[in-house]
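# here is my input, please return the structure:
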Amino acid sequence: MRAFLEQWFLKAWQHDSKLLWFFFPLSLLYHWFAVHRQSRRSVTPPGATPVVVVGNITVGGSGKTPLLIAMAKQLQREGWYPGIVSRGYGASAKNYPFTVSVESNPAECGDEPLLIARETGLPVVVDPFRSRAVAAIKAIPGVNIVLSDDGLQHYSMARTIEIAVVDGVRQFGNHRLLPIGPLREPIARLRGVDIVVVNGGQTCPDVVQTEPMKIIAGALKPLNGSAQTQSLTAPAAVHAVAAIGHPQRFADTLEELGYQVTLHPAPDHATLSAEQLSQADGNAVIVTEKDAVKCSTQLLAEVANPVWALAVEAQLPDSFWLKLNNLLGQPQGNE
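Below is the predicted model:
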């Protein structure tokens, strides 16, 4: 049911279905809360460890996590030591704040925080209360900058810089607020952020100054024994299993690589099962890196199909890094 409702709303928002107007009173209420929430926005005081929020104003995947990973790696090269905080969507840790390690169970910390920890090797802390997560990450010796994975609307968390990511293909759907549209906040909110990044697609006509981002496909990584003993070259027929905010983007990427793709979408952050990964035709199954962290050895042992994960990387222009460096200045010791 969750998958059906999620897909229905995503399609309805893009086509501005008339059925959405049944939810109009809720949208008015949501608008009031969105505006009221902005009045509680907190700013990091001068001289404090900078906090950079990477978020969006729409529901669904926009490319925040690949951007944050790219930023974390680049900042390391420039002499910063980032610490990363996240809500840990779907996480069920016994105690918070929860410090993520590369061996953490995704059920405890969430799939995106685990992926970030493995990709960057940096400290990652999850907590539903991001202000508490920020305090915990700042206490780690050496951390001199905090990156927040999402949290643009978490106004109790003080921030220094705001970066909003826009899906360049879907953009803002019907331009309406939840639940009759995909917007968490009015589009005008983007005028108040420091940098707007547009992921793929075309330039965003609703925002004057933006920075383009491309998600570049990398290597295919074998996840189980069947994949390790076989090669996978286009134009092979494959199954794309994706529990992400925009599954079609993943399928499109594989098709651009030359594969014949059958897409099997699942709700964002959903746990994958052996049944979802097992396909009767025996063809290879390709998952996203975010979903790969949820594919345990025990789960993969139940799947006869070769299972691969597609690595991706966010590519940004020099102008983006110049803007970010101008906003941050030189690395400092933590507060």
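
# make it CA atoms for all contacts and neighbour counts henceforth
Fine.

# so is R132 in a helix, a strand, or just coil?
Classification of R132 using DSSP: H, G, I helix; E, B strand; the rest coil returns helix.

# list the contacts of it.
By Cα atoms under 8 Å, 6 or more residues apart in numbering, R132 lies in contact with P97.

# how close does it get to P50?
Counting by Cα to Cα, to the nearest Å, the gap from R132 to P50 is 15 Å.

# all strands of the stretch 201-335 of the chain, in order?
211-222, 237-242, 260-265, 285-288, 307-315 (DSSP state E, counting those that start in this stretch).

# repeat for the stretch 1-150 of the chain
Using DSSP E, counting those that start in this stretch, strands in the stretch 1-150 of the chain cover 51-55, 82-86, 98-100, 124-126, 145-149.

# for E275, grab the count of nearby residues.
E275 has 10 neighbours, counted by other Cα atoms under 10 Å.

# pLDDT score assigned to it?
What the model reports as pLDDT for E275 is 96.

# contacting residues around the nearest residue to P247 once chain neighbours are set aside?
Among residues not flanking P247 along the chain, P265 sits closest, at 5.8 Å (Cα to Cα, 6 or more residues apart in numbering). Taking Cα under 8 Å, 6+ apart, we find P265 in contact with 240-244, 247-248.

# next one: H246
H246 neighbours (Cα under 8 Å, 6+ apart): 60-62.

# show me which of those is closest to A284.
G61 (24.7 Å; Cα to Cα).

# the closest one reaches I244, doesn't it?
Yes: if you go by Cα atoms under 8 Å, G61 and I244 touch, sitting 6.7 Å apart.

# ok, the two, which is more surrounded?
I244 (21 against 17).

# the closest residue in space to that one that isn't next to it in sequence: how many residues sit nearby?
Once flanking residues are discounted, I244 sits nearest to D268: 4.1 Å by Cα to Cα, 6+ apart. When neighbours are counted by other Cα under 10 Å, D268 registers 19.

# could you do A188 as well?
10.

# could you look up the SS state of it?
From three-state DSSP, the assignment for A188 is helix.

# quickly note the distance from it to L300.
45 Å.

# likewise for L75?
L75 is 35 Å from L300, by Cα to Cα.

# again with K18
43 Å.

# among these two, which residue is more densely surrounded?
L300 (20 against 10).

# okay, that one: pLDDT?
The model's pLDDT for L300 equals 96.

# what residues are up against the nearest residue to it once chain neighbours are set aside?
Counting by Cα to Cα, 6+ apart, N224 is the residue found nearest to L300 once chain neighbours are left out, at 6.1 Å. For N224, the contact set (Cα under 8 Å, 6+ apart) comprises 297, 300-301, 306-308.

# now do the phi/psi pair for N224.
Torsion angles at N224 (phi, psi; degrees, to the nearest 10) stand at phi -130, psi 180.

# which SSE is V166 in?
In the assignment (DSSP states H and E), V166 maps to strand 161-167.

# name the helices or strands packed onto that strand?
strand 51-55, strand 195-199 (3 or more Cα pairs under 8 Å, 6 or more residues apart in numbering; DSSP states H and E).

# okay, those in TSV with mean neighbour count and distance to K323 next?
Formatted as TSV, the helices and strands packed on strand 161-167 follow (neighbours: other Cα atoms under 10 Å; distance: least, Cα to Cα, whole Å):
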stretch	mean neighbour count	distance to K323
strand 51-55	26	13
strand 195-199	25	8
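
# and the ones you listed as TSV, adding distance to E112?
Below are those laid out as TSV (distance: least, Cα to Cα, whole Å):
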stretch	distance to E112
strand 51-55	13
strand 195-199	18
